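[1] Sequence plus the predicted model coming up.
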Amino acid sequence: MSNKTYIAIGILLLLFVVPVLWYVSTYNSLVSKDNDVEAKWQQVEVQYQRRMDLIPNLVNTVKGYAGFEQKVLTDVTELRSRWQGATTKEGKISAAGEFETALGRLIAVAENYPDLKANQNFLALQDELANTENKIAVERQRYNEAVRDYNIAIASIPTKFVASNMGITKKPYFEAKTGAEEPPQVNISI
């Protein structure tokens, strides 16, 4: 073969092999980012499950106090079940936001019961819940950072072409529920 043949074969290889290698590399990078998002989401769920496991004990401790708002306890219990029954990230995110509001009301109402506030079991559960809330906040932040990296990658050129070709779409952020910046409103009629 002549030098021109080798050059032609080299050019053809560059025209076909390099784009294929780039495509495979880009796709693998997106798969890695997708797995990172899923791993971070699993950590969020682990912390939420930890919180949900504390709730029955908290509710049972509070139930013993006469005059305690039954609706608050019912709401917390129902929203816990709703979170556990959610099958999508969006459903879990929505249920978690509503649950946090109801849980805030439960703690706020409990503040009006001096005997309950002095109960060692309640105090221990409240401390454990506060610890869990901090862990949830950290894991949600990590999840949102992974989602941000993933969403930037699939929206950036030239990766965007691979993502759209593969049907890869954006992941949802974990956003604060509208009105979360306001403290819960509690109406106590004793």
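    Ah, there it is.
[2] for the lowest-mean-pLDDT helix or strand in the chain, the distance to its chain's centre please.
    The helix or strand of the chain with the poorest confidence is helix 114-118; it has a mean of 76 (mean pLDDT, DSSP states H and E). Centroid separation for helix 114-118 versus its chain: 33 Å, with C-alpha atoms, centre = their mean, to the nearest Å.
[3] list the helices and strands that helix packs on?
    Helices and strands in packing contact with helix 114-118 are not found; criterion 3 or more C-beta pairs under 8 Å, 6 or more residues apart in numbering; DSSP states H and E. For the C-beta atoms, the positions are set from N, CA and C on the backbone; glycine is no exception.
[4] CA atoms of that helix as PDB?
    The C-alpha coordinates for helix 114-118 follow below in PDB (Å, rounded to 0.1, in the frame of the first residue of the first chain):
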ATOM      1  CA  PRO A 114     -45.300  21.700  80.200                       C
ATOM      2  CA  ASP A 115     -45.700  18.100  81.400                       C
ATOM      3  CA  LEU A 116     -45.000  16.800  77.900                       C
ATOM      4  CA  LYS A 117     -42.000  19.100  77.500                       C
ATOM      5  CA  ALA A 118     -40.600  17.600  80.700                       C
END
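[5] Only the buried residues of that helix, if you could.
    Across helix 114-118, burial judged by 16 or more other C-beta atoms under 10 Å covers residue 116.
[6] What residues sit buried inside whichever helix or strand comes after it?
    Following helix 114-118 in sequence order, the next helix or strand is helix 120-155 (DSSP states H and E). Across helix 120-155, burial judged by 16+ other C-beta under 10 Å covers 122, 125-126, 128-129, 132, 135-136, 139-140, 142-144, 146-147, 150-151, 153-154.
[7] Same check on stretch 55-70?
    Residues of stretch 55-70 classed as buried by neighbour count (16+ other C-beta under 10 Å): 55, 58, 59, 61, 62, 68, 69.
[8] so the last one touches residue 109, yeah?
    Yes - here residue 69 lies in contact with residue 109, judged by C-beta atoms under 8 Å, at a distance of 5.5 Å.
[9] Tell me how far residue 7 lies from residue 116.
    The gap separating residue 7 from residue 116 is 85 Å, by C-beta to C-beta, to the nearest Å.
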